[in-house]
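Mind folding the following:
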Amino acid sequence: MSRKSKRFKHLREKVVGLAPLEVPEAVKTLKGLETSLPKGVKPCPYDQTVSIAVRLGVDPKQADQVVRGSLVLPHGIGKSQRVLVFAQGDNVRIAQEAGADHVGGKELAEKIKEGWLDFDVAIATPDMMGVVGPLGRVLGPRGLMPSPRAGTVTQDVATTVREYKAGKVEFRVDAGGNVHCVVGKLSFSEVQLAENIEAFLKYVRQLRPASAKGQYVRNVSLAATQTPGITVAA
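Numbering: from 1, shown residues only. Got it, this is the predicted structure:
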């Protein structure tokens, strides 16, 4: 049995059978997994990303039940996102001064069509959508297409760039009714992770579609990159 499988087997045994935990206890349990490893089993060598998955009682096939949004988490996500901005005129300078990594127009669109995707977030001013629109087939499946609903098609370029550089996150319900979101790093304090998670869950609850029937938040799972999931009380 490999060292990795020994490690994961041990971690799974630590969480299997656990009742759903309140957010602070779930965070404490998650952070304690790596320190619980037996002698001879090495912990993960890097700072793992912590993510949350929420199963919702919605039908994503119905347009009025598509849950999506974006928010700035209280403590960021532990990394600086690479931000691309489609802009022209004065907005080019504004985006650059706000900290955008790439700013441009048709030349960026051509690079993307050729397969270049060296960025985490794409923002566009409304007057650039004629250039951005044809990129939908490339950017859409990767969750990178600028959208007014997500706030990434905007005239307020400076604020939007600064928010994403500070750790703003986006999410959209998938075909199975699940939303996934990064909520920080395992090196974050328990308080930082708990506050990020609680802010995310509060926001998701506020997005409940009026047409959704029955229980809305059905299951919540918290995990780091190399750990099994821990069920959080919904």
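
which helices and strands sit right next to the longest helix seen in the chain?
In the chain, taking DSSP state H as the definition, the longest helix is helix 190-206. Judged by 3 or more C-beta pairs under 8 Å, 6 or more residues apart in numbering; DSSP states H and E, helix 190-206 is in contact with helix 23-32, strand 49-56, strand 68-72, strand 178-185, strand 217-224. Where you see a C-beta, it was placed from the backbone N, CA and C, and this is true even at glycine.

In JSON lines, list those along with mean neighbour count, mean pLDDT and distance to Leu144.
Output for those, formatted as JSON lines (neighbours: other C-beta atoms under 10 Å; pLDDT from 0 to 100; distance: least, C-beta to C-beta, whole Å):
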{"stretch": "helix 23-32", "mean neighbour count": "19", "mean pLDDT": "96", "distance to Leu144": "29"}
{"stretch": "strand 49-56", "mean neighbour count": "21", "mean pLDDT": "98", "distance to Leu144": "18"}
{"stretch": "strand 68-72", "mean neighbour count": "17", "mean pLDDT": "89", "distance to Leu144": "13"}
{"stretch": "strand 178-185", "mean neighbour count": "21", "mean pLDDT": "96", "distance to Leu144": "15"}
{"stretch": "strand 217-224", "mean neighbour count": "19", "mean pLDDT": "97", "distance to Leu144": "24"}
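
ok, now which ones touch the residue nearest in space to the middle of the chain?
Nearest to the mean C-alpha position of the chain, by C-alpha atoms, centre = their mean, lies Cys181 at 3.3 Å. Contacts for Cys181 (C-beta atoms under 8 Å, 6 or more residues apart in numbering) come out as 51-52, 169, 171, 200.

Would you mind naming the residues that bridge with it?
Legend: beta-bridge partners of Cys181 under DSSP bridges are Ile52.

just to revisit the earlier point, which one of the contacts of Cys181 is nearest to Glu97?
Looking at the contacts of Cys181 and their distance to Glu97, the nearest is Val169, at 23.5 Å (C-beta to C-beta).

partners of that closest one in the sheet?
Assigned bridge partners for Val169, using DSSP bridges, are Leu71.

For it, give me the pLDDT.
pLDDT, Val169: 89.

By mean pLDDT, flag the weakest helix or strand of the chain.
Sorting the helices and strands of the chain by mean pLDDT, DSSP states H and E puts helix 3-15 at the bottom, at a mean of 82.

and Ser51, what is it in contact with?
Applying C-beta under 8 Å, 6+ apart, the residues contacting Ser51 are 180-183, 222-225.

Quick one: residues contacting the nearest residue to Ser70 once chain neighbours are set aside.
Closest residue to Ser70 apart from its sequence neighbours, by C-beta to C-beta, 6 or more residues apart in numbering: Glu170 at 4.3 Å. By C-beta under 8 Å, 6+ apart, the contact list for Glu170 reads 68-70, 121, 143, 150, 152.
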